[in-house]
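A.B. asks: Pasting the sequence and the predicted coordinates here, then a few questions.
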Amino acid sequence: MAGIGFELRRILVKDTYSATLRAYIYAGLISSGPWVLSILSVMLIGIISLGVSELKVRQFLISVTYLMASSLILTGGLQLYFTRFISDRLYEQKAKVILPNLVGILTLVTLSAGVLGSLFVFSMFTESILFCVLLVANFVTLCNLWMVIIFLSGMKAYNRILITMLIGYSVMVGSALLLRQFDLPGLLLALLIGHASLLFMFLFEILREYPTERLVSFDFLQRKKVFISLLFTGLAYNLGVWADKFIFWFNPSTSDAVIGPLRMSLIYDLPIFLAYLAVIPGMAVFLVRIETDFAEAYERLYAAIRGGETLEHIYYLKDQMLLAIRQGIFEIFKVQGITVVLLFLWAPNLLSWLGISQHYLPLFYVDLVGVSIQVLLMALLNVFFYLDKRRIVLQLTLLFLLLNIMLTIVSLYLGPGFYGYGFSLSLLVTVLVGLSQLSRSLQTLEYETFMLGR
């Protein structure tokens, strides 16, 4: 579904500094734009909520964090599962089945998220009915939004996508400015209006991109057309990303109650939150290099295999693909490494400018390294997906999840000086294992292609 890859290649054909810079800016916005703009918008809402009590603003911010985490965990597996289904249909040139199946899966997501969200919220919260209804509505909307966002990298109208994101988050901030007088329900309503606007605008773009003659279809439930392992892969990855946060949130010594069952960790949340904003350069390089150089080399190799080219030419194209992988990973490492070094140097001044205590510096440094390694992990997983190594991806995501849980718990026993190391070390070990697996997979690529029919 890498439609953006074709557009990036078209930009890079000009081979000028301005074209390269433009490609990286677009890649950064497409890969990181939705969640970065969401984070910045929520921060801005907190800043402009001058007439709202500090407690209510904190409750809003924590509610948003839990909404993001829970919606991503619930839909993480479905995102991978449905992305592969859509990609296969596009390969089969059956674009007309895409929109009906999107409507079908959104129907299931809406029903399941609505039921699960309602059961949890109305049984665990003692706040007003309006608050509970808005919380569930936001949860359902976010779950649907994550399912729709998977289409963005497959669409070539990136200018419209970026404008849509800016409009949606501007509507969110503007609504918050108007509704802040209604305290917490007003802020949650603003969040709902913003994300609902984004959802329907993106749906409109998808409708333009994939016209259809049917309204709804459930072909994605047919066992022979899907890969069930992707459900567990997406679930394991998203649980792995959030596992350390939940452990800190629900450990009484590192967290405080905020609203209902929701807790926050003042010592842990802020550094990891700031660190994630630092992955934008690495994400831009990841999208450019994987979806241009590597994707192009991959397509040439398998086109040669399907076309019956000579073994010598196939070996040459394989070497070109290996070179693209090495260069892509090295460039991600280089760019993200430079970003980390610069932020290490600027961090004291940055925290002072933001009015944040210097006591957060050690944890911020550890988290910076961790989220940077996570970009490398995402690149590795993407390569494995191209090579159709679903079992390896599932193994790596499960390893990340289990290590993050175990090492984070160990770090809690060791004390504040070790906070954050569980997250970072789990990613480091997973990436090292992934690199080893990738090396072995590439060595046996020809055998598996010709003898196993992959």
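C.D. replies: Yep, that arrived.

A.B. asks: State whether residue 257 is indeed within a strand.
C.D. replies: Yes - per DSSP: H, G, I helix; E, B strand; the rest coil, residue 257 lies within a strand segment.

A.B. asks: Please name the nearest non-neighbouring residue to it.
C.D. replies: Residue nearest to residue 257 in three dimensions, not counting chain neighbours: residue 263, with 5.4 Å by Cβ to Cβ, 6 or more residues apart in numbering. Where you see a C-beta, it was placed from the backbone N, CA and C, and this is true even at glycine.

A.B. asks: tell me the pLDDT at the one you found?
C.D. replies: Residue 263 carries a pLDDT score of 91 in this model.

A.B. asks: Can you name the residues that contact it?
C.D. replies: Contacts of residue 263 were listed using Cβ atoms under 8 Å, 6 or more residues apart in numbering, and they are 62, 249, 250, 255, 256, 257.

A.B. asks: quick one: the nearest residue to the third one once chain neighbours are set aside and residue 48, what's the gap?
C.D. replies: Spatial nearest neighbour of residue 250, chain neighbours left out: residue 263 (6.1 Å); criterion: Cβ to Cβ, 6+ apart. When distances are taken as Cβ to Cβ, to the nearest Å, residue 263 and residue 48 turn out to be 26 Å apart.

A.B. asks: Check which helix or strand the residue nearest to residue 250 maps to.
C.D. replies: strand 262-264 (DSSP states H and E).

A.B. asks: Can you get me a residue count around residue 302?
C.D. replies: 15 (other Cβ atoms under 10 Å).

A.B. asks: Which strand or helix spans it?
C.D. replies: Using DSSP H and E, residue 302 falls in helix 295-306.

A.B. asks: helices or strands up against the helix or strand following that helix?
C.D. replies: Per DSSP H and E, helix 295-306 leads on to helix 311-353 as the next helix or strand towards the C-terminus. Secondary-structure packing of helix 311-353 (3 or more Cβ pairs under 8 Å, 6 or more residues apart in numbering; DSSP states H and E): helix 280-288, helix 295-306, helix 361-386, helix 421-443, helix 445-451.

A.B. asks: what's near enough to touch residue 67?
C.D. replies: 135, 138, 139, 142.

A.B. asks: Run through the stretch 1-150 of the chain and note the low-pLDDT ranges.
C.D. replies: Within the stretch 1-150 of the chain, the ranges that satisfy pLDDT under 70 run 1-37, 49-52.

A.B. asks: quick check: domain ranges of this protein?
C.D. replies: Segmentation of the chain into domains, based on automatic domain parsing, reads 3-226, 271-451.

A.B. asks: what's the distance between residue 357 and residue 292?
C.D. replies: For residue 357 relative to residue 292 (Cβ to Cβ), the value is 42 Å.

A.B. asks: Out of the domains of the chain, which is closest to residue 237?
C.D. replies: Minimum separation from residue 237 across the domains of the chain (Cβ to Cβ) falls at domain 271-451, 4.3 Å.

A.B. asks: picking that back up, so between residue 357 and residue 292, which is more surrounded?
C.D. replies: Between residue 357 and residue 292, residue 292 has the larger neighbour count (other Cβ under 10 Å), namely 24 against 9.
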